[in-house]
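Asks: pasting the sequence and the predicted coordinates here, then a few questions.
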Amino acid sequence: MDWYVLAPAAATRDLWVSLAGPTAPEYGVWTAPSGKALHEALATEGPPGVHDVEWYFMPQREHYGKRLVDALWQGGDGLKVYSERMCAVLESCSARLQTWPADIRHRNGSPVDGYLSVLEEVDSPGPVHSVFRGRRVGRVTISGEVRTALLHAGMTGLDIREAPSAFPRDNHWV
């Protein structure tokens, strides 16, 4: 089977987002009152793992791109931000995804609609799964069928590269 690594293309004109909220620290790791690091809880449990903190996605402070694409760059954390239409294409290829509405806000606070927070499989080589066995990062591995479906659907903002195996990060490739 052919495998590919999928990541947001992260062009300078694209919207890049990061975690934000009223209790986010200026520097360092943002932790919930429970002591969990927010980015780790989101990468393993998704939004249900961070129920005691108000958080959302905001444009990255040092980045001014605004173009809305199908895969938003989200600082490399394990929780992905994909468009609803991209998730529909992935799921049409039998991808097993966990999704939640993504609370994304423009700099002025107005909402950005049409996006989902996404967690993919981590332990088995399904059509969309983590590049690492057992943990998530900002990239996923996709099958050739998924690649074809994404290209056919005209998805934007994607960087898709050939991978040597189903879990290429295990081989220190990506």
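Replies: Done, it's in.
Asks: now the strands for this protein?
Replies: Under the criterion DSSP state E, the chain contains strands at 3-8, 17-20, 56-59, 71-72, 80-83, 98-101, 104-105, 111-112, 115-119, 128-132, 135-143, 158-163.
Asks: list the contacts of the spatially most central residue of the chain.
Replies: Central residue of the chain (CA atoms, centre = their mean): Lys80, 1.3 Å from the mean position. By CB atoms under 8 Å, 6 or more residues apart in numbering, Lys80 lies in contact with Ala71, Gln74, Ser117, Val118, Leu119, Glu120, Gly138, Val140. The way it works is simple: take the backbone N, C-alpha and C, and place the C-beta from them, glycine included.
Asks: run through this structure and note the low-pLDDT ranges.
Replies: The chain contains residues with pLDDT under 70 at 76, 171-174.
Asks: go again with 90.
Replies: 1, 10, 26, 32-34, 51, 61-62, 75-77, 168-174 (pLDDT under 90).
Asks: excluding chain neighbours, what is closest to Gly134?
Replies: Nearest non-adjacent residue to Gly134, counting by CB to CB, 6 or more residues apart in numbering: Val122, 5.5 Å away.
Asks: hmm, Val131 and the one you found touching each other?
Replies: No. Contact criterion CB atoms under 8 Å: Val122 and Val131 do not qualify, at 9.8 Å.
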